[in-house]
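J.: just the structure for this:
(one chain, ligands or ions: 1)
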Amino acid sequence: MAFQKALKESEVPEGKVAKAKIGKKEFAVIRLGGAVYCIEGVCTHEGGPLGEGSLEGGELVCPWHEGRFDVKTGAANPETDWVTDVKAYTTKTEDGYVWIDF
Ligand code: FES
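T.: Have a look, this model is predicted:
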């Protein structure tokens, strides 16, 4: 595990979700309450692009069938039981970029 540069900080303003790709791996990066979170970018249901999802409360909503995930832990909301948990990653911001530890 090592931090890798994912995207510019300016690409993920407060209250927004952004896509990031490192090699073949896709991520959803979220800025909420001043903190930056990162979860896997591919939905566990049918592979929807979570980096194109929306935020509702502390949850990221999949753009395809509205599966919901906790942005901090990647845990699936039991009310949307067609999705299972995604992995959550540690992030840091440095030199104007968001870095993901994976
Ligand atoms: S692909 Fe995400 S809820 Fe179906």
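J.: per-residue pLDDT of the residue nearest in space to the middle of the chain, please?
T.: In the chain, the residue lying closest to the centroid (CA atoms, centre = their mean) is Ala28, at 2.7 Å. pLDDT, the model's per-residue confidence, is 98 for Ala28.
J.: and it, what element?
T.: Ala28 is part of strand 25-32 when elements are defined by DSSP states H and E.
J.: what are the pairing partners of the following helix or strand past that strand, and which direction each?
T.: Using DSSP H and E, the helix or strand that follows strand 25-32 in sequence is strand 35-40. In the sheet, strand 35-40 lines up against strand 25-32 (antiparallel), strand 88-94 (antiparallel) (DSSP bridges).
J.: quick check: buried residues in strand 35-40?
T.: Applying a neighbour-count criterion of 16 or more other CB atoms under 10 Å, the buried positions in strand 35-40 are 36-40. C-betas here are computed from N, CA, C, even on glycine.
J.: which one of the residues you listed is nearest the ligand?
T.: Proximity of these to the ligand was ranked by CB to the nearest ligand atom; the top entry is Glu40 with 11.5 Å.
J.: can you add distance to the ligand and give the strands paired with strand 35-40 back as TSV?
T.: What follows is those, written out as TSV (distance: least, CB to the nearest ligand atom, whole Å):
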stretch	distance to the ligand
strand 25-32	11
strand 88-94	17
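J.: which residues in this structure form strands?
T.: 3-8, 17-22, 25-32, 35-40, 54-56, 59-61, 68-70, 88-94, 97-101 (DSSP state E).
J.: residues from this structure in reach of the ligand?
T.: By CB under 6 Å from any ligand atom, the residues of the chain that approach the ligand are 43, 45-48, 62, 64-65, 67, 83.
J.: repeat that for 5 Å
T.: By the rule CB under 5 Å from any ligand atom, the part of the chain lying against the ligand is 43, 45-46, 48, 62, 64-65, 67.
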